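>>> here you go, sequence then predicted model.
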Amino acid sequence: MNSRKKLIAVGLVVVGALTYLLASGFANHSLHDAEVSEIVNNPAKFQDKGIKVSGTVMSGTVTKAQLDLAFDMKDKNDDSFIKVEYKGIVPDAFQEEVEVIVEGIYDEANKKFVANSLLAKCPSRYDGMDVEEHNKAMAEINADI
């Protein structure tokens, strides 16, 4: 085999390996959108998959200790709910009865959603407030949690 054919063969192997690594990496880190009711009704379907779920924080279910947060999140359309655990900085807008979006995995064995990302939608009551009013309102809410 001459050197040109060897170079082409090595190039094809390298390109094939890179293609495989990129494809498998994206497949393992892609997020699937899901509703709370879908997870409750078919938890095995979502086991060990990255999931993005939106719902509402249920009143009376929030527990917080330093960077550990736990709460129940209910579906927008029905009474389905899941337990959520999150470790990290809690957004200022987080409170009971607010819409949140969590990203993470569902732990079917322990029947809980382990979130690695938490986003809270800011309640509409803050629309039109200036920065000082908003910060004062958020400080009052955080003092209650």
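Nice, thanks for sending it over.
>>> any low-confidence regions in the protein?
In the predicted model, the chain carries pLDDT under 70 at residues 1, 23-30, 123-131, 134, 141-145.
>>> quick check: next helix or strand after the lengthiest helix in the chain?
In the chain, taking DSSP state H as the definition, the longest helix is helix 3-29. Sequence-wise, the next helix or strand downstream of helix 3-29 (DSSP states H and E) is strand 32-34.
>>> identify each buried residue in that next one, please.
Of all the residues in strand 32-34, those buried under the rule 16 or more other Cβ atoms under 10 Å are Ala34. C-betas here are computed from N, CA, C, even on glycine.
>>> check contacts around the most centrally placed residue in the chain.
Closest residue to the average C-alpha location of the chain: Glu103 at 1.0 Å, with Cα atoms, centre = their mean. By Cβ atoms under 8 Å, 6 or more residues apart in numbering, the contact list for Glu103 reads Leu31, Gly50, Ile51, Lys52, Val53, Ala115, Asn116, Ser117.
>>> and the helices in the protein?
3-29, 36-41, 43-46, 131-144.
>>> what comes up buried for the shortest one?
For helix 43-46, the neighbour count (16+ other Cβ under 10 Å) marks Phe46 as buried.
>>> measure the nearest residue to Val40 once chain neighbours are set aside to Gly104 for me?
Take Val40 and drop its neighbours on the chain: the residue closest to it by Cβ to Cβ, 6 or more residues apart in numbering is Ser80, 4.5 Å away. The spacing between Ser80 and Gly104, counted by Cβ to Cβ, to the nearest Å, is 18 Å.
>>> repeat for Phe81
Taking Cβ to Cβ, one finds Phe81 at 16 Å from Gly104.
>>> who touches the nearest residue to Gly60 once chain neighbours are set aside in this structure?
Of all residues not flanking Gly60 in the chain, Glu96 sits nearest, at 7.3 Å (Cβ to Cβ, 6+ apart). For Glu96, the contact set (Cβ under 8 Å, 6+ apart) comprises Val57, Met58, Ser59, Gly60, Thr61, Val62, Ile145.
>>> residue contacts, the third one?
Under the criterion of Cβ under 8 Å, 6+ apart, the contact partners of Ser59 comprise Glu96, Glu97.
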